[in-house]
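**Student:** the sequence and its predicted three-dimensional model are supplied below.
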Amino acid sequence: MGKIIFWLIVFFVALLVLRLVNVANSRSARGEAPRRAKTKDTAMTRCVNCGVYLPRADAVDGPRGPLCGDAKCLPGQTRKRS
């Protein structure tokens, strides 16, 4: 019984070593890991009518401040607050 457990342990250790070698080889074959594109930090702003936060570049300038561009938030349309 002891020999069976010993050979099972040897077998699984060999599988682990082969897996680690395979991962190392595939990483070196690919070269460097692909780099993430740098995300551009954008300032967030809040719509003065509905309160939604959105990037400043997407905001529409309204008479009272930035708007989100939704049909009910465009100039001439006002939202009733309860």
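**Tutor:** Now that the structure is in, tell me what you want to look at.
**Student:** any regions of the protein where pLDDT drops low?
**Tutor:** 31-41, 75-82 (pLDDT under 70).
**Student:** as a check, name the ranges of all strands in it.
**Tutor:** Under the criterion DSSP state E, the chain contains strands at 44-46, 53-55, 60-61, 66-67.
**Student:** can you tell me which of those is most buried?
**Tutor:** Between the strands of the chain, strand 66-67 has the highest mean count of neighbours, a mean of 20, where neighbours are mean count of other CB atoms under 10 Å. Glycine gets a C-beta too; all of them are placed from N, C-alpha and C.
**Student:** relative to A24, which of the strands of the chain is closest?
**Tutor:** Of all the strands of the chain, it is strand 53-55 that lies closest to A24, at 41.4 Å by CB to CB.
**Student:** now do C50 against A57, distance only.
**Tutor:** According to CB to CB, to the nearest Å, C50 stands 18 Å off from A57.
**Student:** still on that earlier bit, Throw the strands of the chain into TSV and include distance to A24, thanks.
**Tutor:** Below are these laid out as TSV (distance: least, CB to CB, whole Å):
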stretch	distance to A24
strand 44-46	42
strand 53-55	41
strand 60-61	53
strand 66-67	51
